[in-house]
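Participant: Build the 3D model from these lines:
(one chain, ligands or ions: 1)
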Amino acid sequence: MDRNSNRNIEKGTAGKKRGGFTGRLGFVLAAAGSAVGLGNLWRFPYLAAKYGGGIFLLVYIVLALTFGSVLMTAEIALGRRTGQSAISAFSSIRPKWSFLGILCAVVPIIILPYYSVIGGWVCEYFFTFAAGNGAAAAADGFFESFIASPWKPLLFFALFVSVTFLVVLFGVEKGVEKSSRILMPALVILTIGVTVYSLTLPGTWEGVKYYLLPDFSRFSAKTVLAALGQLFYSMSLAMGIMITFGSYMKKDSSISSSVRQIELFDTGIALLAGLMIIPAAFAFSGGSPETLGQGPGLMFVALPKVFQSFGSVTGGILGGLFFALVIFAALTSAISLMETVVSILMDKFGLSRRRAAVIVYIGTLLLGIPSSLGFGALSGIRLFGMTILDFFDFLSNSVLMPVVAILTCVFLGYVAGCDTVLEEVEWTGRRRKENFFRVMIRYVCPVCIALILVSSVLSALGVLSL
Ligand code: TRP
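Facilitator: Purely as a prediction, here's the structure:
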C-alpha cells in the first residue's frame, strides 16, 4: 500500500515545476533565516529566566537533540517526498488527512498578529534610541508605561505589519533575503560583543551560574512544556513550515546534515541571547524573582540598561544598531509567516496574490489589536489567567503545535509508514538511526507530547496544579 501511494505522489508531482534552492547552503540559510527571529532573541531568554535557568537550558537541549531533530527530519523529508506544502502534503498521501494540513495552517495565522505586536515593541525601542533617548528607555518603568499607553504600541504594531505587508505584496523577499546575509551575521557579532561586555559588569556571575548550572529542584512538568513549546516555535516546527521548505529542497542535498546545521544555528543564537540578557538582569536587579518572572518584557527591560552603562553616546549608537538588527531578524520571520498564510489562501481559495495579501494584512491588524491593548486598555481581561498576548502564545505553542506534532507522528508512524520519511533521508542501511527514528515517531514522541499537552491544558484550566 505504501509503495502505491508513494508512486502516485511521484506521478502527481512530476509534471509540476517548483522553484528550488540552488544548493544545500541556500536551503540551510533560508530555513535558518526563517527560524531565527524573536523566538531566539526575545522568547527564549524570558522563558529560560522564568523556568529555572540552567534546568530549562538542559531540558531544551535534550529535547532539541531528540524530538527536535526527529520532527524536523520528518517534516523536511515529507515535504521533499511529496513536493507539496503542508496544506496538501498530508492529503496527497491520504486524502482523509487533509484536516492536518489545515490545522498546520491555523498556527501561523495565530502567531503572526502577536509576533507583530512584539515586532512593534522592538520598533519603539529602536526609535527611542535613534532619537537619542536611550537613557529614558533604560529608566525603571519605561517598558510598563509604554506597553500600557493607549496608542503608541498600536502605531508601532501597525508600522511593523505594514512593512511586512509591503514586502510580501511587492514580492521583494529576495532583496530582503540578500540583505539578511549581511545583517544577520552583523546581529550575531553585535550580540557576542554585548554579551562579552555585559559579563564584565559587576553582579553578572550570579546570573551566569543561574543560567548555566541546572538546579534540579526547579524541575517541573511546566519546565518541559515550556521548553517543548519553545522548541517548536523557535525551529518553526509543527506548523508545516519545514514541510514547505522541504518541498523546495533538491533531491541530492543531505537532509540529516541540513537538520544538524539548522538546529545548531538556531539553538546557538538562542543560547547566546540568553547569556546576553539573563546575567544582565542579575546585574541590574540582583536576579529578583520579579525580574526573572518578568515574562515578555525581560529583553526590553534588561538590555537598555546594559547599553546605558556604556555612556549615553556610545550606548545610544549601540542600542540603536542592536534594535535595528533585531527589527530585521523579526521582519524576516514575519515576512515568512505572512507569506505562508498568503500562499495558503491563494492555494485554498484560488485568490490572486494581491487579494490574499490584502486580506491577510487586514486580518493581522484586526487580530493583533487585542493582543496589543491587552497590556493597557484591555488589561482587565485575562484568559485563563493570561494576558491576551500570552493566551495566543499559549494557544499556538502549548496547545496547537503539540497537537500537530502528535498527529504528524501518528500519520507517519501508523498511517503512511515511517518508510515515507526513511526512504527520503540518506541513512538507508544505518539501522541504528532508522530504528531510533521509528521508535521516536511511533512511541516516544506521541506519548510524551500527549502527556505534556494534557497536563498543561489541565493546569491552564485550573484542574491540575503543576
Ligand atoms: N522561528 C521564528 C522565531 O524564532 C518564529 C516562527 C515561528 C516563524 N513559526 C514561523 C518564522 C514560521 C517564520 C515562519 O522567531
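Participant: For the longest helix along the chain, which residues meet the burial criterion?
Facilitator: The longest helix of the chain (DSSP state H) is helix 312-349. Buried residues in helix 312-349, counted by 16 or more other C-beta atoms under 10 Å: 315-347. (C-beta placed from N, C-alpha, C; glycine too.)
Participant: any low-confidence regions in the protein?
Facilitator: Scanning the chain with the threshold set as pLDDT under 70 gives 1-27, 29, 427-429, 464-466.
Participant: tell me which parts of it are close to the ligand?
Facilitator: The chain comes close to the ligand at residues 34-35, 37-40, 108, 111, 233-234, 236, 239, 241, 333, 336-337, as judged by C-beta under 6 Å from any ligand atom.
Participant: could you redo the last one with a cut-off of 8 Å?
Facilitator: With C-beta under 8 Å from any ligand atom as the criterion, the chain meets the ligand at residues 34-43, 107-108, 111, 115, 233-236, 239, 241, 266, 329-330, 332-334, 336-337, 340.
Participant: Show me these that map onto helices.
Facilitator: Per DSSP H, the residues of the chain next to the ligand map to helices at 34-35, 38, 107-108, 111, 115, 233-234, 241, 266, 329-330, 332-334, 336-337, 340.
Participant: Quick check: next helix or strand after the longest helix of the chain?
Facilitator: Downstream of helix 312-349, the first helix or strand assigned by DSSP states H and E is helix 353-373.
Participant: ok now that next one, how far from the chain's centre?
Facilitator: 19 Å (C-alpha atoms, centre = their mean, to the nearest Å).
Participant: Next: stretch 283-301.
Facilitator: The answer for stretch 283-301 is 21 Å, by C-alpha atoms, centre = their mean.
Participant: in it, what counts as buried?
Facilitator: For stretch 283-301, burial by neighbour count (16+ other C-beta under 10 Å) applies to 283-285, 287, 291-292, 294, 296-301.
Participant: do the same with stretch 347-358
Facilitator: Quick answer for stretch 347-358 (16+ other C-beta under 10 Å): 347, 356, 357.
Participant: swap in stretch 401-417?
Facilitator: For stretch 401-417, by 16+ other C-beta under 10 Å, it's 401-413, 415-417.
Participant: Run through who's touching it.
Facilitator: 2, 5, 67, 71, 74-75, 78, 90, 93-94, 97, 100, 103-104, 107, 228-229, 232-233, 237-240, 418, 420-421, 438, 441-443, 445-446, 449-450, 452-453 (C-beta atoms under 8 Å, 6 or more residues apart in numbering).
Participant: Among those, name the buried ones.
Facilitator: Using 16+ other C-beta under 10 Å, the buried members of those are 5, 67, 71, 74-75, 78, 90, 93, 97, 100, 103-104, 107, 228-229, 232-233, 237-240, 418, 420-421, 438, 441-442, 445-446, 449-450, 452-453.
Participant: so the helix or strand containing residue 154 versus helix 353-373, what angle?
Facilitator: Using DSSP H and E, residue 154 falls within helix 152-169. Inter-element angle recorded for helix 152-169 and helix 353-373: 160 degrees (by axes from the mean of the first three to the mean of the last three C-alpha atoms, to 10 degrees).
Participant: Tell me which residues are up against helix 152-169.
Facilitator: Helix 152-169 is contacted by residues 116-117, 119-124, 127, 146-147, 173, 176, 327, 330-331, 334-335, 338-339, 342, 353-354, 357-358, 360-361, 364-365, 368-369, 372-373, 375-376 when judged by C-beta under 8 Å, 6+ apart.
Participant: helix/strand/coil for residue 253?
Facilitator: coil (DSSP: H, G, I helix; E, B strand; the rest coil).
Participant: That should have said residue 283, apologies.
Facilitator: helix.
Participant: Next up, the contacts around it.
Facilitator: With contact set as C-beta under 8 Å, 6+ apart, residue 283 has these partners: 198, 201, 202, 203, 204, 207, 306.
Participant: Closest to residue 386 out of the buried residues of stretch 283-301?
Facilitator: residue 296 (10.9 Å; C-beta to C-beta).
Participant: you'd agree the closest one is in a helix?
Facilitator: No. When classified by three-state DSSP, residue 296 is found to be coil rather than part of a helix.
Participant: so it sits right up against residue 45, yeah?
Facilitator: No. Contact criterion C-beta atoms under 8 Å: residue 296 and residue 45 do not qualify, at 10.7 Å.
Participant: since we're on the closest residue to residue 261 other than its chain neighbours, how many residues are nearby?
Facilitator: Spatial nearest neighbour of residue 261, chain neighbours left out: residue 28 (4.9 Å); criterion: C-beta to C-beta, 6 or more residues apart in numbering. Using other C-beta atoms under 10 Å, residue 28 is surrounded by 21 other residues.
Participant: Residue 28 and residue 39: what is the separation?
Facilitator: 17 Å (C-beta to C-beta, to the nearest Å).
Participant: circling back: okay if I get the buried residues of stretch 347-358 as CSV plus distance to residue 463?
Facilitator: Supplementary listing: the buried residues of stretch 347-358 in CSV, determined by distance: C-beta to C-beta, whole Å:
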residue, distance to residue 463
347, 39
356, 40
357, 42
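Participant: Give me the buried positions along the helix or strand residue 184 falls within.
Facilitator: Taking DSSP H and E as the definition, one finds residue 184 inside helix 173-198. For helix 173-198, burial by neighbour count (16+ other C-beta under 10 Å) applies to 173, 176-177, 180, 183-184, 187-188, 190-191, 194-195, 197-198.
Participant: before we move on, what about stretch 51-66?
Facilitator: The neighbour-count check on stretch 51-66 (16+ other C-beta under 10 Å) flags 51, 52, 53, 54, 55, 56, 57, 58, 59, 60, 63, 64 as buried.
Participant: Not counting its neighbours along the chain, what's nearest the fourth one?
Facilitator: Okay, so that is residue 54. Computed as C-beta to C-beta, 6+ apart, the closest residue to residue 54 that is not its neighbour in sequence is residue 214, at 3.9 Å.
Participant: And for that neighbour, the neighbour number?
Facilitator: Residue neighbour count, defined by other C-beta under 10 Å, stands at 15 for residue 214.
Participant: Help me confirm that it comes into contact with residue 57.
Facilitator: Yes. The criterion here is C-beta under 8 Å, and residue 214 meets it with residue 57 at 7.1 Å.
Participant: give me the number of residues near residue 448?
Facilitator: By other C-beta under 10 Å, 18 other residues sit near residue 448.
Participant: same deal with the one 10 residues further on?
Facilitator: Other residues within reach of residue 458, judged by other C-beta under 10 Å, total 13.
Participant: and residue 214, backbone torsions?
Facilitator: phi -70, psi 130 (degrees, to the nearest 10).
Participant: Can you name the residue of the stretch 101-250 of the chain nearest the ligand?
Facilitator: Of all residues in the stretch 101-250 of the chain, residue 236 sits closest to the ligand, at 3.9 Å by C-beta to the nearest ligand atom.
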